[in-house]
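Let me see the structure of the following:
(2 chains)
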Amino acid sequence: MAEPVLQLDSLSKNFGGLRVTDGVTLEIMPGEMHALIGPNGAGKTTLINQISGLLAPDEGRIFLAGRDVTQAEPYARATLGLARSFQITSVLPGFTALENVALAVQARSGSSYRFFGNAASERELVEPALAALSEVGLAARAHVVASQMSHGEKRALELAMALAMQPKLLLLDEPMAGTGPEETDKLVAVLGRLKDRFPMLLVEHDMQAVFALADRISVLIYGRILTTGMPDAVRDDPQVIAAYLGDETE
Amino acid sequence: MSQADVSQATDIAAAPSRRLTGGLFLPLVIFSCFAIIPLLTVFGAETYLLGLVTRVMIFAIAALALDLLVGYGALISFGHAAFIGIGAYAVGILASHGIGDVLISFPVALAASALFAWLTGIVCLRTKGVYFIMITLAFGQMIFFTASSLAPYGGDDGLTIHARNTIAGLKLLDNERVFYYFALLCLLGTYLLCRAIVASRFGRVFRGAKENATRMATLGFQVYRFQLVGYIIAGMMGGLSGFLLANATNFVSPAYMSWQRSGELLIMIILGGTGTLNGAIVGSAAFLLLEEWLSGFTEHWKMIFGPLLVLAVLFVPGGLGGIGAALMRRLRRG
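As a prediction, this is how the structure comes out:
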């Protein structure tokens, strides 16, 4: 059996007296699109933040492609091939779309301690950046400053930045949050195209998107994994319906 | 993607560099002015004017360095004068031991400021925002009081340097005009270096940390290391400014690194417009010339100067450089 890309081993985290992550064990296999669903406050973003290193877990361990990264800084995890998007859009607002993505390219290509030479005219940065922008449908907006883009465009831009890192694992924290139905459809289409290229952990509230995309689904409730399984099994699981899905899928 | 797409993209990519540091017109004007001033002063108050403009150029170097930190890195240092002091004291202390050659004092001044930037940067850069301001101020004060207590080197009173530095044994800098162009060369070098850094790969990461440090970390950049390198570079530029200042005045004193001086440097870049580089030069010229002019009227010139600064900040938010840029845009549109 292949080695999991990401392995969480009984991860726990408390905020004061509140247990926000409660013994989470999870594996993401190569090529897998794994969705993490659950009600608001279930601890999904907290879990993503622990995986990407912005929060330190109290207990448990995190393995990225077999390496223990529990103590590693966020930048080190990114260098090992972990890319993420944020629930609340996080781009470099004063940079153009192209510069945002070119920076992601630069992060994995060669040294950034170069003090001479105009980074904006470096082909080895611009070409892959434009390619990533085309993939999310933003090629025509490459020279727009990020702060002037629409919300949906920023979401797509964030995705392009993650792609440009050529990650081993993509963490997507509600990529569709706040986007209109049309933009959601576009993003679902983009993710559908990408799912064969990168293993992903997708946190999302849009159930249609989740059931359309995911290979496996984990349901997180009160910081605990209630169940992990194939979409159909999860959809029909009475526990899940009671706790989260309710009538939503009907 | 077609070849044409890419070359078009890299063409348009020249635009961001205009956005970053402005076009070439304003710097050309600025440096041409500096270059011809000595030629205009053949008659009359030559030494006075040369001395004044040399001072402008020297502080412009420190202001450029501070603009690199504040305008491009959001690292608001309230202790930047420390580096001027360190550069100046390097010259002064060496001179008091009879070592007065640029070949030694120049690298020592730069190395000393780099070392101080490195040691303090390690601590300062762990903090953010207002804490960074306070801790840079604290380190600035620390080196200020250290200098004040250096009894063998004049303590509070400062230290007189008996002769300007020589260059490989030649007394070239004794000529005011030569010294003027030497300072101009240093300013030009600093300016070009800053421009290159801002547009470089390193500069991108440095600027990115200003925009969104968390994002930079999750992209895989160890933000702190880049900021430390930037801080050291800016510190060395401050040291260069101090090296020149000691030679210009033949005197060093703890006052060079007082917190007021650090504040003045901040005012210079705010007055000129932060994050433009040109603004740092324009701002230091405006500040020092205004100071010189107003103090000619009354010894209470700060009573006029203060309100003027407030008005400038209120009504010219982009700084003087911003006015220049707006004028340029209007001219271009015709």
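
OK, contacts around the closest residue to B:A74 other than its chain neighbours?
Of all residues not flanking B:A74 in the chain, B:K210 sits nearest, at 3.9 Å (CB to CB, 6 or more residues apart in numbering or on different chains). Heads up, the C-betas are built off the backbone N, CA and C, glycines and all. With contacts defined as CB atoms under 8 Å, 6 or more residues apart in numbering or on different chains, B:K210 is in contact with A:94, B:72-74.

So which of those residues belong to helices?
B:72-73 (DSSP state H).

re earlier: give me the element the residue nearest to B:A74 is part of.
Assessed by DSSP states H and E, B:K210 sits inside helix B:201-211.

roughly how far is that helix from the heart of the chain?
In terms of CA atoms, centre = their mean, to the nearest Å, the centre of helix B:201-211 is set 19 Å apart from its chain centre.

Just the C-alphas of that helix, formatted as CSV.
This file holds the C-alpha atoms of helix B:201-211, laid out as CSV (Å, rounded to 0.1, in the frame of the first residue of the first chain):
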residue,chain,number,x,y,z
ARG,B,201,13.6,38.5,-6.0
PHE,B,202,14.7,39.4,-2.5
GLY,B,203,12.8,42.7,-2.7
ARG,B,204,9.6,40.8,-3.7
VAL,B,205,9.8,38.6,-0.6
PHE,B,206,10.7,41.6,1.6
ARG,B,207,7.7,43.6,0.2
GLY,B,208,5.5,40.6,0.4
ALA,B,209,6.2,40.3,4.2
LYS,B,210,4.8,43.9,4.5
GLU,B,211,1.6,42.9,2.6
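
In the next helix or strand along the chain from it, which residues are buried?
As assigned by DSSP H and E, the chain's next helix or strand after helix B:201-211 is helix B:213-219. For helix B:213-219, burial by neighbour count (16 or more other CB atoms under 10 Å in any protein chain shown) applies to B:213, B:215-219.

average pLDDT for the helix holding B:K210?
For helix B:201-211, mean pLDDT rounds to 95.

tell me, how many neighbours does B:I281 end up with?
30 (other CB atoms under 10 Å in any protein chain shown).

And for A:P181?
Neighbours around A:P181, by other CB under 10 Å: 9.

quick one on the thing from earlier: would a markdown table of the contacts of B:K210 with neighbour count, pLDDT and distance to B:G22 be doable?
Supplementary listing: the contacts of B:K210 in a markdown table, determined by neighbours: other CB atoms under 10 Å in any protein chain shown; pLDDT from 0 to 100; distance: CB to CB, whole Å:
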| residue | neighbour count | pLDDT | distance to B:G22 |
| --- | --- | --- | --- |
| A:G94 | 18 | 92 | 16 |
| B:Y72 | 24 | 95 | 13 |
| B:G73 | 23 | 94 | 18 |
| B:A74 | 19 | 92 | 19 |
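
Which member of the contacts of B:K210 is positioned nearest A:R67?
B:G73 (32.1 Å; CB to CB).

Contact partners for the closest one?
B:206-207, B:209-210, B:227, B:230.

what do you get for B:L308?
Contacts of B:L308 by CB under 8 Å, 6+ apart are B:L290.

rerun that using 10 Å as the cut-off
For B:L308, the contact set (CB atoms under 10 Å, 6 or more residues apart in numbering or on different chains) comprises B:271, B:286, B:290, B:294.

quick one: which of the contacts of B:G73 is most hemmed in?
Going by other CB under 10 Å, B:F206 tops the contacts of B:G73 with 28 neighbours.

Does the closest residue to that one other than its chain neighbours belong to a helix, a strand or coil?
Distances taken as CB to CB, 6+ apart place B:G230 nearest to B:F206, at 5.0 Å, with adjacent residues excluded. Three-state call for B:G230 (DSSP: H, G, I helix; E, B strand; the rest coil): helix.

ok, back up a step: mind putting the contacts of B:G73 into JSON lines with distance to B:G279?
JSON lines is the format used below for those (distance: CB to CB, whole Å):
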{"residue": "B:F206", "distance to B:G279": "18"}
{"residue": "B:R207", "distance to B:G279": "16"}
{"residue": "B:A209", "distance to B:G279": "21"}
{"residue": "B:K210", "distance to B:G279": "16"}
{"residue": "B:Q227", "distance to B:G279": "22"}
{"residue": "B:G230", "distance to B:G279": "18"}
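
center of chain B - which residue?
A centroid search over chain B (CA atoms, centre = their mean) returns B:A62, at 1.9 Å, as the residue closest to the centre.

Could I get the contacting residues of the residue lying closest to that one once chain neighbours are set aside?
Distances taken as CB to CB, 6+ apart put B:S241 closest to B:A62, at 3.8 Å, once the chain neighbours are dropped. By CB under 10 Å, 6+ apart, B:S241 lies in contact with B:57-66, B:80-81, B:83-84, B:87-88, B:109, B:113, B:183, B:186-187, B:190, B:256, B:265.

The same query, at a cut-off of 6 Å, please.
Contact analysis of B:S241 by CB atoms under 6 Å, 6 or more residues apart in numbering or on different chains lists B:58, B:61-62, B:84.

Please identify which helix or strand holds it.
helix B:223-249.

And B:R332, by the same measure?
helix B:319-333.

residues making contact with that helix?
Here helix B:319-333 makes contact (CB under 6 Å, 6+ apart) with B:26, B:271-273, B:276, B:278-279, B:282, B:286.

Of the residues you listed, which pair is most distant in space?
Farthest pair in the contacts of helix B:319-333, by CB to CB: B:L26 and B:L271, 15.6 Å.

between the two, which one's more packed in?
Shown here are B:L26 and B:L271; by other CB under 10 Å, B:L271 has more neighbours (26 against 21).

for the closest residue to the more buried one other than its chain neighbours, helix, strand, or coil?
Distances taken as CB to CB, 6+ apart place B:G283 nearest to B:L271, at 4.1 Å, with adjacent residues excluded. Three-state assignment for B:G283 (three-state DSSP): helix.

so how many other residues sit close to the residue in the stretch 151-300 of chain B that chain A sits nearest to?
Proximity of the stretch 151-300 of chain B to chain A (CB to the nearest CB) peaks at B:G220, 3.4 Å away. Neighbours of B:G220 under the rule other CB under 10 Å: 24.

again with the one 3 residues further on
A total of 22 residues lie near B:V223 under the criterion other CB under 10 Å.

For it, report the pLDDT, please.
94.

same thing with the one 10 residues further on?
If you check B:I233, the pLDDT there is 97.

Which other helices and strands does the host helix or strand of B:T136 contact?
In this structure, B:T136 sits in helix B:129-148 according to DSSP H and E. With contacts defined as 3 or more CB pairs under 6 Å, 6 or more residues apart in numbering or on different chains; DSSP states H and E, the packing partners of helix B:129-148 are helix B:102-124, helix B:259-272.

residue ranges for the strands of chain A, please.
A:6-15, A:18-28, A:33-37, A:59-64, A:67-68, A:82-85, A:169-173, A:200-203, A:216-221, A:224-229 (DSSP state E).

now the longest one: how far from the chain's centre is it?
For strand A:18-28, the separation from the chain centroid amounts to 17 Å (computed by CA atoms, centre = their mean).

what does stretch A:124-139 give?
With CA atoms, centre = their mean, you get 19 Å for stretch A:124-139.

do it and chain B meet at all?
Yes: among the residues of stretch A:124-139, A:126-127, A:130 lie within reach of chain B under CB under 6 Å from any CB of the partner chain.

Going by neighbour count, which residues of that stretch are buried?
Buried, per 16+ other CB under 10 Å, within stretch A:124-139: A:125-133, A:135-139.

Make sure A:T79 is actually in contact with B:F221.
No: A:T79 is beyond contact range of B:F221, at 9.1 Å (criterion: CB atoms under 6 Å).

out of those two, which sits in the busier spot?
Under the criterion of other CB under 10 Å, the comparison of A:T79 against B:F221 puts B:F221 first, with 26 against 17.
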